[in-house]
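Asker: what's the 3D shape of this:
(2 chains)
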Amino acid sequence: MLDSNSAMNKILSKIQIENLTFKYEDEETDEFVLKNLNLSIEEGGFVSVVGGSGCGKSTLLNLIAGLRKITSGHILIDGKEINAPGIERGVVFQDYSLFPWMTAKDNIVFALSQLKNKTTKVKMHEKAEKYLDLVGLANSKNKYPLQLSGGMQQRVAIARAFAMDSQILLMDEPFSALDAKNRMDLQDLLLELWQKKENGKVGKTVFFVTHDITEAILLSDRVIIMSNTEHSIIADVPIPFARPREHEKLVNSEEFNDLRDNLVNMLYAEIENNEVAL
Amino acid sequence: MSKQEHQGQINYVQIFINKGAILFLAAFIVTFLPVARENMEQYEVYYMGLLIFLQFIFMIWCFCVRTDRFKLQSAADIIMIVFGFLLLFDLFTTRLDLIKKFLFPAPGYIVYELIQEFPAFVTNLVSSSQLLITGYLLAVVTAIPLGLIVGWRRRLYQVASPISRVLAPIPPIVYIPYAIAIFPTFKMSSIFIIFIGAFWPIFVNTLSGTLNIERRIIDSARALNVSEATMLFKVILPGIMPSVMSGINIGLLLSFILLNSAEMIGAVAGLGWYIKYFADFADYTKVIVGIIYISLVVIVCTSLMGRVEKYLLRWKN
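Answerer: Coordinates of the predicted model:
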């Protein structure tokens, strides 16, 4: 039973995860992917999750997206339990976010046409072009994903997510397949779009999975570290840097590097623990 | 700039004087040799016409590929083979009369019959294409949705997969005598056979495509909250189109084979019937004419299908 106090808390946080446990149904083993995980993310917050491979961070994202069935526990969005994908949650994967048989523009128009309050075809095309323009791809709108570079594909995926105007953005290592230059450009682009809060609205809530600690600190309000052994969260670190953040200045500052060393140490300690346990 | 022009000039020379063109001239000169086979003089003009017609076509072909040295080379090679074959064929039949007349008619006579039989070809083509189009389209519109749904629904798959593994490998040609017996008209039985023949390859390819589609494409679509119908027909179907198209191509070729086999067994019209009918009278010139016309139809259909495939898969590199 939930008392009224915790019910209040739920309304305050955008995403509320309680005692979340997940293991694969078809596998005989008792291995948990996630075990008794609790997390709450405030509306408009930017939260990154880091952890070694196999710690369940992508699984957590898929569960929030509603793409996998929860074994036990709850995920609440705006206080309502979810068990299926919803249009209020936009997802960007590392790859295959876009349908290769649709042009960049058609990918966005297709997504827009799945919305409940969809508008006319002309308006959807206009909107798609507007967002492609925002990510600097106005000239590539009629190209197919396979004709675009990896960075350009992710730009289209981001344009699509923002064009759909989902309140929550779930991003699963969206920049990890890109080269350093492209990754930096796209990090800046993401922050720029995220900070553009239109007419006083609360901004989008972002849940960002990455294995790159620098990226996590640079982008987020909070960085969450997950553990392979605990199958859960072992640290929740607030990132105090003011916004808007200046990429180069921040990355070269002492505070930034201290924080990063701290987080790296935590992660390594966790990985060593893991090896001892094995 | 000048280098390109230079290249262009070489190509123009190659178009007009290549190995193929030399053999064309050789074949043409041979036609001035005396005719050994009886009553063949009157058909000489048809054979010469064929040579000129082919050379004209080949020149257009060479002109179209003039910028690609390798394509031009292979065009010249193919032209050489065609004229070389015609030259030898003409020598052994018309000029020297070394092989049996009723099995190997002179090329000029074949061309004459080809023109004479054109109206008959059109009538039979109409009759055949009614069967082919009905049976084949019926297979396409049933096999694709069924393959998608069976691949998508686990429970259906568990049932349909063993059934299709038993039925699909049966060569459809074995159904012909029985189908002719159970269906009231020949039309219906051959449509059924063509349908069966085209159905399995399209179904099996659609099914395996659906089962093997990239999981993350499905996840991306689910994250957009698409409806079931949108998932099947706007996400999975275009996503597995390469696999579907290979089923569609195999199905088309099988349809042709089955159509002609069925017509040879039980029809009173159609391209397959035409060949069987004249073979019974030992009129092998008309049999050859039928074979030539059928191959032309197959070539036209498969190249049209190639166009369709290229358009549908234009998103692939």
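Asker: If you check the stretch 1-150 of chain B against chain A, which residue is the closest one?
Answerer: Using Cβ to the nearest Cβ, B:Leu148 is the residue of the stretch 1-150 of chain B that sits closest to chain A, at 15.2 Å. The way it works is simple: take the backbone N, C-alpha and C, and place the C-beta from them, glycine included.
Asker: Is that residue located within a strand, as I assumed?
Answerer: No - in this structure, B:Leu148 is helix, not part of a strand, as judged by DSSP: H, G, I helix; E, B strand; the rest coil.
Asker: how many neighbours does the closest residue to it other than its chain neighbours have?
Answerer: Spatial nearest neighbour of B:Leu148, chain neighbours left out: B:Leu232 (4.9 Å); criterion: Cβ to Cβ, 6 or more residues apart in numbering or on different chains. Taking other Cβ atoms under 10 Å in any protein chain shown as the neighbour definition, B:Leu232 ends up with a count of 18.
Asker: just the one 10 residues further on next, same as before
Answerer: Here the neighbour count serves as a burial measure; for B:Pro242 (other Cβ under 10 Å) it reads 13.
Asker: from the chain's centre, how far out does stretch A:207-220 sit?
Answerer: The offset between the C-alpha centroid of stretch A:207-220 and the centroid of the whole chain comes to 9 Å, using Cα atoms, centre = their mean, to the nearest Å.
Asker: start to end distance for that stretch?
Answerer: One end of stretch A:207-220 sits 9 Å from the other (Cα to Cα, to the nearest Å).
Asker: So, low pLDDT: which residues of the stretch 1-150 of chain A?
Answerer: For the stretch 1-150 of chain A, residues meeting the criterion pLDDT under 70 lie at A:1-12, A:27-29.
Asker: Tell me the residues of the stretch 101-250 of chain A that contact chain B?
Answerer: A:Trp101, A:Met102, A:Phe110, A:Ala111, A:Gln114, A:Tyr144, A:Pro145, A:Leu146, A:Gln147, A:Leu170 (Cβ under 8 Å from any Cβ of the partner chain).
Asker: now the second one: how far from B:Ile182?
Answerer: In this view, A:Met102 and B:Ile182 are 46 Å apart by Cβ to Cβ, to the nearest Å.
Asker: More neighbours: which of those two?
Answerer: A:Met102 (19 against 11).
Asker: For that one, grab phi and psi.
Answerer: phi -110, psi 150 (degrees, to the nearest 10).
Asker: ranges for the helices of the stretch 151-278 of chain A?
Answerer: Ranges of helices in the stretch 151-278 of chain A, per DSSP state H, counting those that start in this stretch, are A:180-195, A:213-219, A:247-252, A:254-277.
Asker: got a markdown table for those, with mean pLDDT too?
Answerer: Written out in a markdown table, the entries for the helices of the stretch 151-278 of chain A read as follows (pLDDT from 0 to 100):
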| stretch | mean pLDDT |
| --- | --- |
| helix A:180-195 | 92 |
| helix A:213-219 | 94 |
| helix A:247-252 | 89 |
| helix A:254-277 | 83 |
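Asker: Need the winner for burial among those.
Answerer: Stretch with highest mean neighbour count among these: helix A:213-219 (a mean of 22; mean count of other Cβ atoms under 10 Å in any protein chain shown).
Asker: So what touches that helix?
Answerer: Outside of helix A:213-219, the residues that reach it under the criterion Cβ atoms under 8 Å, 6 or more residues apart in numbering or on different chains are A:46, A:48-50, A:175, A:183, A:187, A:190-191, A:206, A:208, A:210, A:223, A:239, A:241, A:245, A:247, A:250-251, A:256, A:259-260, A:263-264, A:267.
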